[in-house]
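> build me a structure from this.
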Amino acid sequence: MFLEIPFEKTKKNIIYIDVRSEGEYEEAHIPGAVNIPLFTDEERKIIGTAYKNDSVSEARKLGIQFASARLPQIYEMIVNLKDSHDRQLVAYCARGGYRSTFFASAFSSIGVGVLKLDGGYKRYRNYIIEQLPELNNKLNYIVLHGNTGTGKTKVLKSLINFGLDALDLEGAANHRGSVLGSVGLGACNSQKQLESNIFHQMQSFQTHDIFVEAESRKVGNVLVPGCIHEKMKTGVHILIEEEIDYRVKVIKEDYTQKNGFQEEILQSLLYLKKYLSKEKLDKLSQAIKEGNIDDAIADLMINYYDPLYSNKSATYDYQLILSGLADPEKAALKIKQWFEKADK
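Model prediction:
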């Protein structure tokens, strides 16, 4: 016998087990969930074809066949999770149907307690859609502005280290928000995953005053939820200014740490064809190929990013301006001191 539990009743000491296929998991999942699929993507496709051909019995038979072959391996993974974490296991599938029912029932029946998430990922997703605007309504945003390379993300992380609450939109998207924003990071998260990551960050906040980095509505392939982006516009605004040499250093640290970064940058530059002349793009590409990374970064910021950003930054009244600190921890400390003195 196993128990069902809705997402809103789950506690922090939970390990979610996503029993959907690898592809379903990669598209979107509950943050922190462990993927232990009952079926591979190909097996799921075969079962789905059987259902579409009105052979429910055959589909179930195939499901049992595929899952049974994997049960010894799954059992070992479940036991390892139990042994290494003193947490309740909660399994979910797409809609709280056969897969999670089978999973929770099979392991609970042999003494390995596994709960089932009521309604599966679909109900969880609906809960996120409903609750995200509600959580956002309770927050006051303090927005960090600055040209590309001023270290806003590093400042944000330092603020978190100082015990302040911050919303990391770029981390939630797995994208830095610029044309080159995916370099070294891999694929941008899906819209569903972005919103889940934001929601779970919001759940961890201890206060209502939240630091956040200024972003365009579009970050990579996804959109910052409209309710959040609009409220950021009406928040308190801080400007960070740095010299070009420091900014080049920051960008170089962020973008050139992984092998193959040159090829990724060259591919990303193709998206700038409508903004920069062929001559300018050829010059940038040649500099990167020859290893003149500093020159390429400086050129790109001065001729593309800075003019683009200046149009946006002029629209805000800044409550604090930090210039030339060249140290994210010092900048964060200045912001913390200002924040503690500010009227709330």
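
> pLDDT weak spots in the chain?
Applying pLDDT under 70 to the chain flags residues 1, 343-344.

> buried set for the helix or strand hosting Phe339?
Element membership of Phe339, judged by DSSP states H and E, is helix 328-341. Neighbour counts over helix 328-341 (16 or more other Cβ atoms under 10 Å) mark Pro328, Ala331, Ala332, Leu333, Lys334, Ile335, Lys336, Phe339 as buried. The C-beta positions use only the backbone N, C-alpha and C, and glycine is treated the same way.

> His200 touches Tyr16, doesn't it?
No. The pair His200 / Tyr16 is not scored as a contact, 11.3 Å apart, by Cβ atoms under 8 Å.

> so for those two, which sits in the more crowded spot?
Legend: neighbour count by other Cβ atoms under 10 Å for His200 and Tyr16, higher for Tyr16 (23 against 14).

> which SS class is the more buried one?
strand (DSSP: H, G, I helix; E, B strand; the rest coil).

> before we move on, back to that, need the overlap of contacts for His200 and Tyr16.
Gly32 (Cβ atoms under 8 Å, 6 or more residues apart in numbering).

> and the helix or strand encompassing Thr153, what does it pack against?
For Thr153, the element it lies in under DSSP H and E is helix 152-161. Counting by 3 or more Cβ pairs under 8 Å, 6 or more residues apart in numbering; DSSP states H and E, the packing neighbours recorded for helix 152-161 are strand 140-145, strand 166-167, strand 209-213, helix 328-341.

> number of nearby residues for Arg217?
Arg217 has 13 nearby residues by other Cβ under 10 Å.

> any idea how far Tyr316 is from it?
Distance of Arg217 to Tyr316, computed by Cβ to Cβ, to the nearest Å: 16 Å.

> okay, strands next: where are they in the stretch 201-344 of the chain?
Taking DSSP state E, counting those that start in this stretch as the test, the strands found in the stretch 201-344 of the chain are 209-213, 218-219, 222-223, 236-241, 320-323.

> residues of stretch 291-310 that come out buried?
The neighbour-count check on stretch 291-310 (16+ other Cβ under 10 Å) flags Ile293, Ala296, Ile297, Ala298, Asp299, Leu300, Met301, Asn303, Tyr304, Tyr305, Asp306, Tyr309 as buried.

> in CSV: the residues you listed, plus distance to Val143.
Shown next, in CSV, are these (distance: Cβ to Cβ, whole Å):
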residue, distance to Val143
Ile293, 30
Ala296, 29
Ile297, 25
Ala298, 26
Asp299, 28
Leu300, 24
Met301, 21
Asn303, 26
Tyr304, 23
Tyr305, 18
Asp306, 19
Tyr309, 14
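
> in helices, which of the residues you listed fall?
Taking DSSP state H, the ones among the buried residues of stretch 291-310 that sit in helices are Ile293, Ala296, Ile297, Ala298, Asp299, Leu300, Asp306, Tyr309.

> the second one is in contact with Lys289, isn't it?
The reference is to Ala296. No. Look at Ala296 against Lys289 with Cβ under 8 Å: they stay out of range, at 9.5 Å.

> so what are the domain limits for this protein?
Taking automatic domain parsing as the reference, the chain has its domains at 4-127, 138-341.

> contacts only, for the residue nearest the centre of the chain.
Centroid-nearest residue in the chain: Ala172, 2.2 Å away (criterion: Cα atoms, centre = their mean). Counting by Cβ under 8 Å, 6+ apart, Ala172 touches Asn189, Leu194, Asn197, Ile198, Gln201.

> from those residues, which single one is nearest Ile47?
Asn189 (27.2 Å; Cβ to Cβ).

> now that closest one: closest residue in space, sequence neighbours ignored.
Asn174 (4.7 Å; Cβ to Cβ, 6 or more residues apart in numbering).

> and if you look at Asp18?
Using Cβ to Cβ, 6+ apart, the nearest residue to Asp18 is Ala33, at 4.4 Å.

> next, count neighbours for that neighbour.
21.

> next, the contact list for it, please.
By Cβ under 8 Å, 6+ apart, the contact set of Ala33 is Ile15, Tyr16, Ile17, Asp18, Tyr25, Tyr92.

> 7 Å instead, please
Counting by Cβ atoms under 7 Å, 6 or more residues apart in numbering, Ala33 touches Tyr16, Ile17, Asp18.

> quick check: the gap between it and Met77.
In terms of Cβ to Cβ, Ala33 sits 13 Å off from Met77.

> next: Thr40.
Thr40 is 15 Å from Met77, by Cβ to Cβ.

> likewise for Ile129?
Distance of Ile129 to Met77, given as Cβ to Cβ: 31 Å.

> swap in Lys273?
From Lys273 to Met77 the distance is 47 Å (Cβ to Cβ).

> those two - which one has more neighbours?
Neighbour count, other Cβ under 10 Å: between Lys273 and Met77, Met77 has more, with 14 against 10.

> that one and Pro37 touch, don't they?
No. The criterion here is Cβ atoms under 7 Å, and Met77 misses it with Pro37 at 10.7 Å.

> still on that earlier bit, near the residue nearest to Asn189, how many other residues are there?
Here the number of neighbours of Asn174 (other Cβ under 10 Å) works out to 20.

> how about the helix or strand hosting Met77: buried residues?
Of the helices and strands defined by DSSP H and E, Met77 is found in helix 56-84. Applying a neighbour-count criterion of 16+ other Cβ under 10 Å, one finds Ala59, Leu62, Gly63, Phe66, Ala67, Arg70, Ile74, Ile78, Leu81, Lys82 buried in helix 56-84.

> I appreciate the help and will end here.
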